[in-house]
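[1] Predicted structure and sequence below. I'll ask about it afterward.
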Amino acid sequence: MTENSTKRRIRIGIDVGGTFTHAVAIDASTLEIVAQVKVPTTHRHERGVAAGIVQSLFELLRAGQIDSSEIVLIAHSTTQATNALLEGDVAPVGIVGMAGGLGKRRARSQTRLGDIELAPNRYLHTYHVFLDTTNGLTREQVATAVDSLMSQGAKVIVASAAFSVEDPRYEDMVVEYCQEQGILVTAAYQISQLYGLRARTRTAVINASMLPKMLETADMTEASVREAGIQAPLMIMRSDGGIMDINEMRRRPILTMLSGPAAGVAAALMYARISDGVFLEVGGTSTDISAIRNGKSLVKSAVVGGHRLYLRTLDVRTLGVAGGSLPRAQGHNIVDVGPRSAHIAGVGYASFEEGLPRDLTVEQFQPLPGDPPDYIRLRSADGRVVSLTPTCASNLLGLVPEDNCARGNLESIQNAFAVLCHSLRRDAESVARELLAKATAKVKQVVEEMIEDYELDPQLLVLTGGGGGAAAIVPFTAQSLGMPYEIAPNSAVISAIGVALALVRDTIEKTVINPTDKDILQIRAEAEQAVIRMGAAPETVEVQIEVDAQKNILRASATGTTELRTRDLAKSHLTDEELANRVRQSIRGDIEEFGLVAEVGNLRIYRAVTTQKFLGGLWKKVFPQLRVIDREGIIRLQLRRGDCITGTKREVLSQLKEFFEKHTVYGDAGREFPDVFLIFRGRILDLSGLMNIDQIVSLAQVETAAVADNEPLAAVIKY
């Protein structure tokens with residue numbers, strides 16, 4: 001091993017997919033990939049997916065000649081929680097419901113959940129006892145209740161008391177007894193601090209049902225890693241795009257639901273560095289679609305069996321169309337593409353066949369029982385069976401870059417298309433375009449729905465592709481939408497990269513009506529400490545506060561990294577001209593004014609006035625656009641309508657109220673507040689989730705407490 005290699009700081013990301021488990025090793029200083037491997041995902045191994053995780057890890061260490069002392073972090077995604085729910089592979093749960101006084105009858109009903117449907121014909125069985133706490137609770141009552149539930153068939157226990165978010169002592173008594181008896185247990189208040197006893201109980205029950213399986217996997221994985229002499233933190237991907245330490249996963253495995261799709265979104269943020277866009281992770285069978293706004297992924301409440309949970313997950317929408325989807329034909333036309341894929345149907349891609357001849361026979365077939373019988377495949381005289389997929393069509397139309405993993409054998413593709421087109425009595429290009437149009441129509445619809453659902457500005461969006469099939473779907477989709485696109489570097493292993501680079505994350509939610517400054521600062525401190533306990537370096541922690549006035553929810557989301565980044569940014573600095581050109585390229589519309597507004601640390605703020613003409617130029621609309629870009633040329637924030645003030649910290653904070661009021665709109669529906677961002681020391685602090693200027697100023701003062709009064713600072717407003 002060379003002298004330089006001993007100084008490497010390696011972050012390892014392992015993505016557990018449906019077919020393969022990908023692992024990458026990334027140099028934390030340069031973000032270069034040191035090594036990458038893939039192994040089959042071990043769903044049916046006696047140790048489950050843990051076996052594949054460990055196998056990929058050891059193969060990666062050999063491939064990259066990585067010493068265990070060089071590793072600073074290992075993180076992996078997991079399909080275990082999702083599969084457990086889909087397959088009903090969960091433990092029966094015993095629920096100890098508790099309440100006193102006038103509300104006990106209602107609490108009894110709200111904690112009795114019965115069997116919970118997880119998926120069609122898949123149920124989570126629950127048992128229930130209720131304890132009246134009007135006159136308190138004794139250890140004997142707890143013991144009798146728990147023992148009764150276990151004797152009925154429960155394998156794990158949930159303690160759920162009314163108002164436990166304020167007074168958790170009764171839930172704690174149940175937890176204490178269960179731990180003494182060696183029984184797995186979940187306290188509802190530890191899973192969610194929101195009011196709503198039924199939803200809180202349901203969330204805790206689903207969490208508890210996963211404990212036996214997830215603990216087994218976690219223990220196996222950790223034991224293998226430690227036996228290899230690796231002492232680096234072991235992290236698990238969360239469904240909100242962050243990572244958490246393995247001990248937190250043992251307590252709250254429900255947070256890993258959808259952690260597979262979340263890995264790709266993490267890569268879009270941390271590796272592709274998207275500030276506003278729609279991210280499409282395209283595999284061979286399915287495509288995951290998510291949206292990013294202001295450099296943050298968009299989240300929603302999770303739903304299981306039609307019931308809402310107190311759990312925040314990324315809004316990832318999955319479609320059964322991807323790079324390997326098979327076409328269906330009737331008459332002279334391609335009538336649909338997917339959802340069946342070449343992999344599932346057991347046929348090859350024409351793209352990846354060497355020397356595919358023209359003596360092919362076109363066949364229609366039924367890949368699996370219940371499928372339509374009009375899927376297309378081609379059979380050669382030498383026994384090869386292939387099909388023409390979106391990957392093949394994109395190659396034929398020249399949409400796949402030369403260095404992309406989806407780049408195929410053009411001669412084989414042309415031969416296969418020639419045979420199919422002769423059968424359909426059409427030319428190859430029109431058939432390829434029709435195949436892609438049918439495939440991407442479904443993707444286009446979902447992209448448009450996300451833009452509408454989140455009120456995204458199409459003028460700021462870029463369609464970004466990841467996954468091995470990205471080049472098969474993304475370019476044609478972007479063309480049909482009239483949007484710019486890009487394929488992320490190393491797209492085939494983008495999810496594993498996302499796992500390796502993801503931030504430690506936690507979110508705390510509380511039910512608070514009209515939160516005070518004290519409430520906001522308290523929940524901020526709690527979220528900050530939560531990620532620090534999981535291994536985040538205190539200096540790296542950032543917290544975003546949101547106030548949902550309609551639902552009376554106060555939310556704090558904290559992120560941080562396990563180490564201070566020491567990347568040598570000077571090596572990748574762009575010149576002033578290069579930065580200005582990159583900003584200009586990001587702006588759509590006729591630029592009438594352009595200039596640098598301010599430089600705050602390593603961030604620059606540019607302003608561009610653009611116009612959009614209507615009615616043949618008789619009427620035009622003016623947009624004062626802002627861009628915040630770092631020295632590497634990454635656009636960190638872009639606003640189509642923005643304004644900013646700059647100066648020292650003292651100057652900017654003293655002007656903040658007046659600046660905010662200037663851009664507040666008064667209408668029939670009341671006041672419409674602008675979004676506020678503070679820029680200092682290379683950070684962009686998003687204050688857009690707060691309700692009023694007093695909360696904004698209060699939190700701004702806390703966040704900038706370590707900033708000297710004469711240091712540069714900028715306030716940016718989106719209106």
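    Happy to help now that I have it.

[2] for residue 133, what are its contacts?
    Applying CB atoms under 8 Å, 6 or more residues apart in numbering to residue 133 gives the contacts 98, 99, 100, 104, 161, 170. Just so you know, the C-beta spots here come from the backbone N, C-alpha and C atoms, and that holds for glycine as well.

[3] cool, and residue 451?
    278, 291, 458, 461 are the contacts of residue 451 under CB under 8 Å, 6+ apart.

[4] Filter these down to just the ones in strands.
    By the criterion of DSSP state E, membership of these in strands covers 278, 291.

[5] all helices of the stretch 551-700 of the chain, in order?
    If DSSP state H, counting those that start in this stretch is used as the criterion, the helices of the stretch 551-700 of the chain fall at 576-585, 649-662, 693-703.

[6] and among those, the most buried is which?
    Highest mean neighbour count among the helices of the stretch 551-700 of the chain (mean count of other CB atoms under 10 Å): helix 693-703, with a mean of 18.

[7] where does the chain dip in pLDDT?
    Across the chain, the ranges flagged by pLDDT under 70 are 1-6, 564-572.

[8] what about the longest helix in it?
    helix 197-227 (DSSP state H).

[9] I'd like the next helix or strand past it.
    Where DSSP states H and E defines the elements, the next helix or strand beyond helix 197-227 is strand 234-237.

[10] what separates that next one from the chain centre, distance-wise?
    Distance of strand 234-237 from the chain centroid (CA atoms, centre = their mean, to the nearest Å) equals 14 Å.

[11] just stretch 532-551 next, same as before
    That offset, for stretch 532-551, works out to 17 Å (CA atoms, centre = their mean).

[12] Tell me the one of the contacts of residue 133 nearest residue 522?
    residue 161 (22.4 Å; CB to CB).

[13] Contacts only, for that closest one.
    97, 98, 99, 107, 133, 167, 168, 170, 171, 188, 189.

[14] Give me the buried entries from the contacts of residue 451.
    278, 291, 461 (16 or more other CB atoms under 10 Å).

[15] Take the contacts of residue 451 and lay them out in TSV including distance to residue 337.
    Shown next, in TSV, are the contacts of residue 451 (distance: CB to CB, whole Å):
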residue	distance to residue 337
278	20
291	24
458	25
461	25
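
[16] What is the nearest of the contacts of residue 451 to residue 521?
    When those are ranked by distance to residue 521 (CB to CB), residue 291 comes first, at 30.4 Å.

[17] which residues in the stretch 51-200 of the chain form strands?
    Secondary structure of the stretch 51-200 of the chain (DSSP state E, counting those that start in this stretch): strands at 71-76, 93-99, 116-119, 122-124, 126-132, 156-161, 184-187.

[18] ugh, wrong one, I meant the stretch 501-650 of the chain
    Taking DSSP E, counting those that start in this stretch as the criterion, the stretch 501-650 of the chain carries its strands at 504-511, 542-548, 553-560, 590-600, 603-614, 619-630, 635-639, 642-648.

[19] possible to save the contacts of residue 161 as TSV with distance to residue 285?
    TSV is the format used below for the contacts of residue 161 (distance: CB to CB, whole Å):
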residue	distance to residue 285
97	42
98	46
99	47
107	45
133	51
167	49
168	44
170	47
171	43
188	37
189	40
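
[20] What about the residues you listed, which one has the most neighbours?
    residue 188 (31 neighbours; other CB atoms under 10 Å).

[21] Can you tell me how far it is from residue 205?
    Per CB to CB, to the nearest Å, residue 188 is found 9 Å from residue 205.

[22] what do you get for residue 78?
    Distance from residue 78 to residue 205, by CB to CB: 20 Å.

[23] again, but for residue 372
    Taken as CB to CB, the span from residue 372 to residue 205 is 39 Å.

[24] which of these two has more neighbours?
    Legend: neighbour count by other CB under 10 Å for residue 372 and residue 205, higher for residue 205 (26 against 14).

[25] list the contacts for that one?
    93, 95, 113, 116, 124, 126, 158, 186 are the contacts of residue 205 under CB under 8 Å, 6+ apart.

[26] will you turn these into TSV that also has neighbour count?
    Converted to TSV, the contacts of residue 205 look like this (neighbours: other CB atoms under 10 Å):
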residue	neighbour count
93	27
95	26
113	22
116	21
124	25
126	23
158	32
186	30
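
[27] ok, of those, which one's closest to residue 610?
    residue 116 (52.2 Å).

[28] Dig out what that closest one forms beta bridges with.
    residue 124 (DSSP bridges).

[29] Which secondary structure element is home to the spatially most central residue of the chain?
    What sits nearest the mean C-alpha location of the chain, by CA atoms, centre = their mean, is residue 262, with 2.9 Å. Residue 262 belongs to helix 259-270 when assigned by DSSP H and E.
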